[in-house]
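Visitor: Quick check, what structure comes out for this input:
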Amino acid sequence: MTSAAGVQSQNKSHNNQQSDSTTDFIGFGNLPNQIHRKLAKRGFELTLMVVGESGLGKTTLINSLFQRDLHSQQHLSNAAPEQLYSSIKIEPSTIDIEECGVKVRLTIINTPGYGDSINCTDNYKSILNYIDNQFELYFDAESGLNRRSISDNRVHCLFYFISSLARGLKPLDIECMKALHHKVNIIPIIAKADALTSDELIQMKQNIIEQIHGHHIQIYQIPDCDADEDEELKEKNIQLKSCLPFAIISSTQCFEAKGKQIYGRIYPWGLIDIEDSNHSDFLKLRNMLIIHMQDLQQVTHEFHYENYRLEKLQLKKYDGPQRKLLQEKDNELRRMQDLLCKVQGQLAEKL
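Guide: Purely as a prediction, here's the structure:
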């Protein structure tokens, strides 16, 4: 039989254990889950521009990457009204994609007419004007009073398509990329890589990289993994870096092969699976876009847009009080945006 003193002693010990348990867990550990739910509910935004001559498979690649016919589902974006500069037509369109409860608002900007005219000297100016216009709209929005619902239509990534027949960069390619590399994240893509043999493809990639370095063109640099990342992700990231420029075979046709459905192309000698890394960098391109989507947005905001913003502020003339008020508002905005980018980066890694 247990005495009353013994029962009191046990109760006291039990209460102490409960107190210790309560003290050990406050609840801050649930904060990432709250942020995850909030960001997943709000969704993400990605703006992707495709630039290249006609007939290089730009629309086919985009439809293949996102496994749907974007042309039939798209609607005009609020990014900017349709614009016509010389022979180039800037066509932004937006589609909402939801997967596993995560919403992504994807804006695709097509540039039909690029490189099709006899004199293509000023073709890049149309694209440059559009990118600057989106920076201007964002600058005006964040400088206003209501900054809670700023729509980010800045171009986060630009796929630049290179013809496999050229065996390297043409003067137009060099001129355009040199004009845009300080404004947007450029990812060079060798289109219709099935027109090349394995040796020709290796040589063409080498030629393009040498030309890029020789003309001091800054393409998007895939970031290194953190030291605490798992080895599989580190190895995948190394493979992505070694693939630049990405050599692509794309298709929207679905076939059955070895008991499964695949997207591929039929040739007289057989069927190619576009996701087969032995024939195409398609899967690596899609992995890069998904894994580093947050970094593409962060580089756009912290580097390309920041350069534009500083240049804009230097051109403006403010008196003393206005300059001080603007600087205070700007510093607070930078702090909040940095915090948001950090949280979104952590969420992207978990997803």
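Visitor: Would you state the helices of the stretch 51-200 of the chain in chain order?
Guide: 58-66, 70-73, 123-142, 171-180, 198-214 (DSSP state H, counting those that start in this stretch).
Visitor: Let's see the first one as PDB, backbone CA atoms only.
Guide: This points to helix 58-66. Extracted C-alpha coordinates of helix 58-66, given in PDB (Å, rounded to 0.1, in the frame of the first residue of the first chain):
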ATOM      1  CA  LYS A  58      10.000  27.400 -78.800                       C
ATOM      2  CA  THR A  59       6.200  26.700 -78.300                       C
ATOM      3  CA  THR A  60       6.800  22.900 -78.400                       C
ATOM      4  CA  LEU A  61       9.400  23.100 -75.700                       C
ATOM      5  CA  ILE A  62       7.200  25.200 -73.400                       C
ATOM      6  CA  ASN A  63       4.300  22.900 -73.800                       C
ATOM      7  CA  SER A  64       6.500  19.900 -73.200                       C
ATOM      8  CA  LEU A  65       8.100  21.400 -70.000                       C
ATOM      9  CA  PHE A  66       4.700  22.000 -68.400                       C
END
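Visitor: could I get the helices of the stretch 51-200 of the chain as TSV with distance to residue 154?
Guide: The way it works is simple: take the backbone N, C-alpha and C, and place the C-beta from them, glycine included. Output for these, formatted as TSV (distance: least, Cβ to Cβ, whole Å):
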stretch	distance to residue 154
helix 58-66	19
helix 70-73	20
helix 123-142	5
helix 171-180	13
helix 198-214	24
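Visitor: Please identify the deepest-packed of those helices.
Guide: Per-stretch averages of neighbours, counted by mean count of other Cβ atoms under 10 Å, single out helix 58-66 among the helices of the stretch 51-200 of the chain, with a mean of 21.
Visitor: avg pLDDT for that helix?
Guide: Averaged across helix 58-66, pLDDT comes to 90.
Visitor: Let me see the mean pLDDT of stretch 236-255.
Guide: Stretch 236-255 comes out at a mean pLDDT of 88.
Visitor: Which residue lies nearest the spatial centre of this protein?
Guide: The residue lying closest to the centre of the chain (Cα atoms, centre = their mean) is residue 293, at 3.8 Å.
Visitor: Tell me how far that residue lies from residue 202.
Guide: Distance from residue 293 to residue 202, counting by Cβ to Cβ, to the nearest Å: 29 Å.
Visitor: same deal with residue 225?
Guide: Counting by Cβ to Cβ, the gap from residue 225 to residue 202 is 26 Å.
Visitor: that older thread, does the nearest residue to the residue nearest to the centre of the chain once chain neighbours are set aside sit in a helix, a strand or a coil?
Guide: Excluding its sequence neighbours, the residue lying closest to residue 293 (Cβ to Cβ, 6 or more residues apart in numbering) is residue 46, at 6.0 Å. With DSSP: H, G, I helix; E, B strand; the rest coil as the basis, residue 46 sits in strand.
Visitor: Please tell me how far residue 46 sits from residue 65.
Guide: For residue 46 relative to residue 65 (Cβ to Cβ), the value is 11 Å.
Visitor: Residue 50 now?
Guide: Counting by Cβ to Cβ, the gap from residue 50 to residue 65 is 10 Å.
Visitor: what do you get for residue 159?
Guide: Relative to residue 65, and taking Cβ to Cβ, residue 159 is found at 9 Å.
Visitor: Ok, residue 183 next?
Guide: Taking Cβ to Cβ, one finds residue 183 at 23 Å from residue 65.
Visitor: likewise residue 44?
Guide: Applying Cβ to Cβ to residue 44 and residue 65 gives a distance of 16 Å.
Visitor: tell me, which of the helices of the stretch 51-200 of the chain is the model least confident about?
Guide: Among the helices of the stretch 51-200 of the chain, helix 70-73 carries the lowest mean pLDDT (a mean of 58).
Visitor: so how far is residue 149 from residue 336?
Guide: 14 Å.
Visitor: My error: substitute residue 236 in the last question.
Guide: In terms of Cβ to Cβ, residue 236 sits 36 Å off from residue 149.
Visitor: same deal with residue 61?
Guide: Distance from residue 61 to residue 149, by Cβ to Cβ: 32 Å.
Visitor: Could you give the separation of stretch 287-302 from the chain centroid?
Guide: Stretch 287-302 sits 4 Å away from the centroid of its parent chain (Cα atoms, centre = their mean, to the nearest Å).
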